[in-house]
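1. Okay, here's the prediction I keep looking at, along with the sequence it came from:
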Amino acid sequence: MFVNIMRTNQRWLMAIISVLVIISFIWFYSDRTQVDRIVSDRVGKIYGRTLTRTEVERVLRQLQTAASLGLTNVLDRDIMGRGDQIEAVVNHLIVSHQAEEMGIFPTEDEVLEAEKKLSAFQGADGQFDPNKYSQFVGDNLSPRGFSERQLEELVRRDLQFAKVRAIVDAPVTVSPVEARLAYDERYAKTNTSVIRFQSSDFAAGTAEPTEDEIKKAFEDQKEQYVQPEKRKVQYVKFGLNEEQKKLNGQEKMGVLKPLADQAVALLTDLLDNKGKTDFAAAAAKLNVPVKETTDFEQSQTAGLEEASIPGFAQAAFKLKKDDPDSDVPLQTTDAFYDLHLQNVIPVRPLTLDEARPKVVVALKEERAHAALAAKAEEARTKVADALKAGKSFPDAAKDAGQTAQEVPGYSTADPARTTPDAEAISATAQELATGELSKFVPITTGGILVYVRNREGVDEAKFDQQKDMVAMRLSRQKAGFYFSEWLRVSHDAANVEITPQHGRG
């Protein structure tokens, strides 16, 4: 029974956190009793102590308050991580711990002065407005279970984080040579030419494989020719109507919350009455229709109506035969979905006849690629010899029976976006000296040879105007690397352990 209670409340909390993700930095205003019941829900360990879901939730509320106040140091993107809530909380706790280890404790006067400068508390005259302060406490702190004391602590932490960042960033320097190299790398233009080889030019002339070749290829790579697992799921949708979808902020929050409650209520009913009720019966209690998919593969959803629902296929393939119902609702911008695993068609090997079309295509593609690569290598040899003999690249290409195509000059700041295969050309050219010809470079449509005609010098006057900005940008980049490494080392020292169900997986 205890496990059921824990799982039920975890579902409820995760559904609310999903709403939190939809509406950035808006916290839910609801009864906290259910959340309080999961104090023992262990998320992991940090600094040798247990990290609970309740603590994670409290830090998230602090971060939302920080967003309302514009406390940028607490919300430093290097600390907030890559969008994962647990990562953001752990980083926040680590930096806070390290600040105290460094002996960084802002004074009461510093905290008071910082509070008065917050834009949220400024009046029309640009001065601190006590009425705005009181209004913020009532509208933003009290609903989150915070008081003025917690506000002071949050501002103090923002000051701590600023000083920690300043200490970690202190060794960062940028020399004039580094700034010049960075500017050249970004703004110096490279002029290249390419010779293209199209797979389609070789596919038509590829001979059909014989029966013996097909059989041998099938036997040699039989493990590749399988029918992937297929699944069929039932599901119900709790979604906003067209008018509600137009809402924003807290108004949208208000209509999403009941939908989340309904979605969780259905799953809770299934959990509490496992073996006594089924998905359709649980849905009928809430008067929501049950829909059913066709059998589908996770990576092949063409023609599947539900493929337009973000995350639907992934959620369906996480369900288990012995636990066929969603653990938590699938959340999209405007709806929640509960899923039930209806049927599984397991993976099976294909027979030779079933695999034959794929085998034939693979053999012909392999032969076409080999013919293309051989032709490209032959052409490259001829072009390289002609270049050594002093011919221009266009003439060398012509002698090899190919056509040279000039690529418009490009730089990192002004990439050749309209040029086909621009990324492959740019990446290859970076490794070449002026006047050098690349090796054959395979691309999706075939392959290319890249030749660097020349590299243009930068505008010295523009460099003089922008060198300080370039140095500043480079300094920020280096500071980010320094801080990320410091945070990684601090993370290791904290002995962080996150339980699998709470990790990114």
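-> Good, I have the coordinates.
2. number of nearby residues for R488?
-> Neighbour count of R488, defined by other CB atoms under 10 Å: 10. Heads up, the C-betas are built off the backbone N, CA and C, glycines and all.
3. Kindly state the pLDDT recorded for it?
-> Here the pLDDT value assigned to R488 is 94.
4. Which pLDDT does the model give the nearest residue to R61 once chain neighbours are set aside?
-> Nearest non-adjacent residue to R61, counting by CB to CB, 6 or more residues apart in numbering: R144, 4.7 Å away. As predicted, R144 sits at a pLDDT of 76.
5. With I16 instead?
-> For I16, the pLDDT comes out at 42.
6. coming back round to it: what's the burial count for the residue nearest to R61?
-> Neighbours of R144 (other CB under 10 Å): 19.
7. So it is in contact with Q64, correct?
-> Yes: between R144 and Q64 a contact is recorded at 7.3 Å, counting by CB atoms under 8 Å.
8. After the helix or strand containing V194, heading C-terminal, what element do we hit next?
-> Here V194, judged by DSSP states H and E, is contained in strand 190-198. Going down the chain from strand 190-198, the next helix or strand is helix 200-203, by DSSP H and E.
9. Output the contacting helices and strands for that next one.
-> helix 352-388 (3 or more CB pairs under 8 Å, 6 or more residues apart in numbering; DSSP states H and E).
10. mind listing the helices for the stretch 151-300 of the chain?
-> Taking DSSP state H, counting those that start in this stretch as the criterion, the stretch 151-300 of the chain carries its helices at 176-187, 200-203, 211-220, 249-272, 279-285.
11. now, of the ones you listed, which is deepest in the fold?
-> helix 249-272 (a mean of 18; mean count of other CB atoms under 10 Å).
12. distance between it and the chain's centre?
-> 26 Å (CA atoms, centre = their mean, to the nearest Å).
13. re earlier: what's the strand holding V194 in contact with?
-> Residues from elsewhere that reach strand 190-198 (CB atoms under 8 Å, 6 or more residues apart in numbering): 372, 375-376, 379, 383, 393-394, 397, 400, 402-407, 409-411, 421, 425-426, 429, 440, 445-456.
14. Flag every buried residue along that strand.
-> For strand 190-198, burial by neighbour count (16 or more other CB atoms under 10 Å) applies to 190-197.
15. Low-confidence bits of the stretch 1-150 of the chain, can you list those?
-> 1-40 (pLDDT under 70).
16. quick one, helices of it?
-> 2-22, 33-36, 53-69, 77-80, 85-101, 108-117, 130-136, 148-169.
17. partners of the strand holding V194 in the sheet?
-> strand 405-410 (antiparallel), strand 446-455 (antiparallel) (DSSP bridges).
18. out of those, deepest packed?
-> By mean count of other CB under 10 Å, the strands paired with strand 190-198 have strand 446-455 as the most buried, with a mean of 21.
19. Taking helix 176-187 as reference, get the angle to it.
-> If you take axes from the mean of the first three to the mean of the last three CA atoms, to 10 degrees, strand 446-455 sits at 130 degrees to helix 176-187.
20. Output stretch 98-110 as PDB, nothing but the C-alphas.
-> In PDB, the C-alpha atoms belonging to stretch 98-110 read as follows (Å, rounded to 0.1, in the frame of the first residue of the first chain):
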ATOM      1  CA  GLN A  98      31.200  26.000  -2.600                       C
ATOM      2  CA  ALA A  99      30.400  29.700  -1.900                       C
ATOM      3  CA  GLU A 100      30.200  28.900   1.800                       C
ATOM      4  CA  GLU A 101      33.400  26.800   1.600                       C
ATOM      5  CA  MET A 102      35.100  29.900   0.100                       C
ATOM      6  CA  GLY A 103      33.900  32.000   3.000                       C
ATOM      7  CA  ILE A 104      31.700  34.200   0.800                       C
ATOM      8  CA  PHE A 105      29.000  35.600   3.000                       C
ATOM      9  CA  PRO A 106      27.500  38.900   1.800                       C
ATOM     10  CA  THR A 107      26.700  41.400   4.600                       C
ATOM     11  CA  GLU A 108      23.200  42.500   5.600                       C
ATOM     12  CA  ASP A 109      23.900  45.900   4.100                       C
ATOM     13  CA  GLU A 110      25.000  44.400   0.800                       C
END
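21. Just give me how far that stretch sits from the chain centre.
-> 34 Å.
22. cool, stretch 466-478 as well?
-> Mean-position distance between stretch 466-478 and its chain equals 27 Å (CA atoms, centre = their mean).
23. Can I get that stretch as CSV, trimmed to CA atoms?
-> Extracted in CSV, the C-alpha atoms of stretch 466-478 (Å, rounded to 0.1, in the frame of the first residue of the first chain):
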residue,chain,number,x,y,z
GLN,A,466,35.8,45.4,-33.4
LYS,A,467,38.9,44.0,-31.7
ASP,A,468,37.7,44.9,-28.2
MET,A,469,34.3,43.3,-28.8
VAL,A,470,36.1,40.2,-30.2
ALA,A,471,38.3,40.0,-27.1
MET,A,472,35.2,40.4,-24.9
ARG,A,473,33.4,37.6,-26.7
LEU,A,474,36.4,35.4,-26.5
SER,A,475,36.8,36.1,-22.8
ARG,A,476,33.2,35.1,-22.2
GLN,A,477,33.8,31.8,-24.1
LYS,A,478,37.0,31.0,-22.2
